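**Q** 3D model of this:
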Amino acid sequence: MSLRRTVVSRALRGLAALAAGLALSTAMAQPAKPLRILVGFPPGGGTDAIARTLSERLKDALGVPVVVDNRPGAGGQIAAQVLKASPPDGTTVFLTHDHTISILPLVVKNPGYQPDHDFVPVAGFATFVNAFAVSGGTPAKDFDEYVQWVRTQGGGKGAVGIPAPASTPEFLVKLVGEKFQLDLVSAPYRGAAPMMADMLGNQIGAGVGSVQDFMENHKAGKLRVVAVLGTKRQAAMPQVPTFDELGLKGFADLPYYGFYAPAGTSQKFINQFALALAEVVTAPDVRERLTAMGLTVGFMTPQQLGAREHAYTETWRRIIKTSGFVPQ
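**A** This is a model prediction of the structure:
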């Protein structure tokens, strides 16, 4: 048995169904049709890049064609509705992060789906942090300079781009404004890609999004990430302080990435996909690529993904309630 399969076997040991029902071999039953990976954001953004990285290897691990199907809009809400309407036959999964699963149901009265009822967790593969970045046309070199720049140039008022309305970044903009006594207004976009376009064109001075949304342009010097959430600095940008260091506490529970399937999808398919994903994300080259995007890679079984989802949802339920936000 190869070293990689040994690692995967250990990662999945907690899954009794996998241990009992599947051998670590390539001889597994496959869906009759290609596998579709739904993505709720436009091509060119961080989530899309992750989906395409994984799809390249999942087709080999599963032995079927894998296609990425972008259904952007409403912070992933449209793609989630497509997943709900898809047959539970093992041909459609949804790659998403915390916003669509944990946040939208708290801020939208009728999102068109109920995660606990309409979806089943298949497997998780990473956590990440959100980041605060300034555009290249902004003179600020760090967060303190950004605060001073807003105070001197805008009289304390400033617009901050966010990838979706009523999202974690929107609440972060509000909390940052309150903490640092700035009148910050969120400017919502239809995903990270159009937000990035305006930041690169200096149409907006700052933005909040996932680290992976900003990573490439941060490294190229086209914009600057000046703070990240979480309690630890990111390995891909160790010079950038956390908001915890800057005094904004309470964000130890990190957002997550995972795959979901329509309710009613067979346990057999869920186990097969989880096994394939575990093999893919433990491959050194894939782990390296995902880490370079700003992710902390760590495989999660269906049960572990479900537990993280519920814990994260409860954390943000409290934050959203405290903020006074009224579901729309």
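**Q** next secondary structure element downstream of the helix or strand harbouring Asn271?
**A** Using DSSP states H and E, Asn271 maps to helix 267-281. Using DSSP H and E, the helix or strand that follows helix 267-281 in sequence is helix 284-292.
**Q** could you point out the helix or strand that follows that next one?
**A** Next along the chain after helix 284-292, taking DSSP H and E as the criterion, comes strand 296-300.
**Q** strand partners of that following strand, parallel vs antiparallel please.
**A** With DSSP bridges as the test, strand 296-300 is paired with strand 119-127 (antiparallel).
**Q** and Leu254, what are its phi and psi?
**A** For Leu254, the backbone dihedrals (degrees, to the nearest 10) come out as phi -90, psi 150.
**Q** coming back round to it: the helix holding Asn271 - contacts with which helices or strands?
**A** helix 3-11, helix 16-21, helix 46-62, strand 119-127, strand 256-262, helix 284-292, strand 296-300 (3 or more Cβ pairs under 8 Å, 6 or more residues apart in numbering; DSSP states H and E). C-beta here means a position set from N, CA and C on the backbone, and glycine is covered the same way.
**Q** could you pull out the buried residues of it?
**A** 269-281 (16 or more other Cβ atoms under 10 Å).
**Q** name the residues linked to Leu184 by a beta bridge.
**A** Under DSSP bridges, the beta-bridge partners of Leu184 are Gly158.
**Q** residue boundaries of the helices in the stretch 51-200 of the chain?
**A** Secondary structure of the stretch 51-200 of the chain (DSSP state H, counting those that start in this stretch): helices at 77-85, 98, 104-107, 115-118, 143-153, 168-179, 192-200.
**Q** hey, which of these is tucked in deepest?
**A** Here the criterion is mean neighbour count by mean count of other Cβ atoms under 10 Å, and of the helices of the stretch 51-200 of the chain the winner is helix 98, at a mean of 27.
**Q** show me what that one is packed up against.
**A** Contacts defined by 3+ Cβ pairs under 8 Å, 6+ apart place helix 98 against helix 302-323.
**Q** just want the angle from the helix it packs on to strand 296-300.
**A** Per axes from the mean of the first three to the mean of the last three Cα atoms, to 10 degrees, the angle that helix 302-323 makes with strand 296-300 is 120 degrees.
**Q** sorry, back to before: determine which two of the buried residues of helix 267-281 are furthest apart.
**A** Farthest apart among the buried residues of helix 267-281 by Cβ to Cβ are Phe269 and Val281. That separation is 18.3 Å.
**Q** ok, back up a step: and Val160, which of the helices of the stretch 51-200 of the chain is closest to it?
**A** Distance to Val160, taken as Cβ to Cβ, is lowest for helix 168-179 among the helices of the stretch 51-200 of the chain, at 4.8 Å.
**Q** for that closest one, the averaged confidence score.
**A** Averaged over helix 168-179, pLDDT sits at 91.
**Q** also stretch 98-116?
**A** The pLDDT scores in stretch 98-116 average 94.
**Q** and for it, what are the contacting residues?
**A** 40, 74-77, 79-81, 83-84, 119, 164, 166-168, 255-256, 258, 260, 309, 312-313, 316-317, 320, 325, 327-328 (Cβ atoms under 8 Å, 6 or more residues apart in numbering).
**Q** again, only using 7 Å
**A** Here stretch 98-116 makes contact (Cβ atoms under 7 Å, 6 or more residues apart in numbering) with 40, 75-77, 80-81, 84, 164, 166-168, 255-256, 309, 312-313, 316-317, 320, 325, 327-328.
**Q** what's the end-to-end length of that stretch?
**A** Start-to-end span of stretch 98-116 (Cα to Cα, to the nearest Å) is 14 Å.
**Q** next: stretch 180-195.
**A** Terminal residues of stretch 180-195 are spaced 23 Å apart (Cα to Cα).
**Q** am I right that Gln234 is in a helix?
**A** No: counting by DSSP: H, G, I helix; E, B strand; the rest coil, Gln234 is not part of a helix but coil.
**Q** do you know how far it is from Leu254?
**A** In this view, Gln234 and Leu254 are 11 Å apart by Cβ to Cβ, to the nearest Å.
**Q** please enumerate the shared neighbours of these two.
**A** By Cβ under 7 Å, 6+ apart, Gln234 and Leu254 have these common neighbours: Val129.
**Q** so between these two, which is more surrounded?
**A** Between Gln234 and Leu254, counted using other Cβ atoms under 10 Å, the more crowded position is Gln234 (22 against 18).
**Q** the more buried one against Val225, yeah?
**A** No: judged on Cβ atoms under 7 Å, Gln234 makes no contact with Val225 at a distance of 8.7 Å.
**Q** overlap in contacts of those two?
**A** Common neighbours of Gln234 and Val225 (Cβ under 7 Å, 6+ apart) are Val240.
**Q** done for today, thanks.
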